[in-house]
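> 3D model of this:
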Amino acid sequence: MLSISLRTRLTVTTLITASALVTGCASVSTLQTARTLPSGQVRAYMGGGTYGGSAYSKDAILSEAKVLAEGGIRVGIADNIDAGIRLTLPATAYFDGKYQLLDLGEFAVASGLGIGYTNVSSDDSSVALFDLVVPFYASYDFSRSFALYASPKYMLRLESGTNITSTRSGLIAGTVGLKLGDTWGAMLEGSYLKGIGSITDFSATQANGVLFWSTDALSFLKP
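Alright, predicted model coming up:
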């Protein structure tokens, strides 16, 4: 549901820019612990969640709440390295790679780099959002089938489109989550996102739940 409070005349440019801010935040999801997948293992997941965001500028206040569908695949590339791609409907794609920095038995720490893309359009205007994400991960395994994880992130957002001025802004985000299961199971998490250093005051919250299952990438070749 979309609600708009006008402070001055609301231009199409302001509306589409604010709409892009409150809808283009799928990059905030984590859906992984600090531990990388073993080399050759593939993990797929599918689920959804709820999202609520609000953006304020000198021309408008816009807020939105929606239900999201989300799915993706991660692959173990090498020791301590994995990568994945995630799609979030209606219009976001995200790719990331992760390197495990520390393994202290139950406790692990990792970092990585992600790239997200979102496109929002309305009437004769459209906005493309490119997110460069620098995440950190920390997780604690109580057992092979039960882990808690957290992931603070910094996001550099580049915004361009028709009838708007290209802009660059920074955002900070954080996720806390729970992983249940080993080769298959579920992940539940909550995230918060906040704009920094921008003329637009923006914040968002997101809750996600997915089912996951894992397999050897080459298992179909084995007799």
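
> residue ranges of the strands in this protein, please?
Under the criterion DSSP state E, the chain contains strands at 2-6, 41-56, 60-78, 81-89, 92-104, 107-122, 125-143, 146-161, 167-181, 184-196, 201-216.

> May I see these arranged in TSV, with mean pLDDT as well?
What follows is the strands of the chain, written out as TSV (pLDDT from 0 to 100):
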stretch	mean pLDDT
strand 2-6	37
strand 41-56	85
strand 60-78	82
strand 81-89	92
strand 92-104	94
strand 107-122	88
strand 125-143	90
strand 146-161	90
strand 167-181	90
strand 184-196	92
strand 201-216	88
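
> Out of these, which is closest to Arg35?
strand 107-122 (5.0 Å; CB to CB). Every C-beta, even on glycine, is put in place using the N, C-alpha and C of the backbone.

> buried set for the closest one?
Ala108, Ala110, Ser111, Gly112, Gly114, Gly116, Tyr117, Thr118, Asn119, Val120 (16 or more other CB atoms under 10 Å).

> What residues does the third one make contact with?
It refers to Ser111. Lys98, Tyr99, Leu101, Val134, Pro135, Phe136, Tyr137 (CB atoms under 8 Å, 6 or more residues apart in numbering).

> Using CSV, please lay out the strands of the chain together with distance to Thr30.
Listed next are the strands of the chain as CSV, based on distance: least, CB to CB, whole Å:
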stretch, distance to Thr30
strand 2-6, 27
strand 41-56, 12
strand 60-78, 11
strand 81-89, 10
strand 92-104, 10
strand 107-122, 10
strand 125-143, 7
strand 146-161, 4
strand 167-181, 4
strand 184-196, 6
strand 201-216, 8
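
> hang on, the earlier thing: just the closest of the contacts of Ser111 to Leu68, please.
After measuring the contacts of Ser111 against Leu68 - CB to CB - the closest member comes out as Pro135, at 19.0 Å.

> Could you report the neighbour count for the closest one?
Here the number of neighbours of Pro135 (other CB atoms under 10 Å) works out to 23.

> Arg86 versus that one, what's the distance?
Per CB to CB, to the nearest Å, Pro135 is found 13 Å from Arg86.
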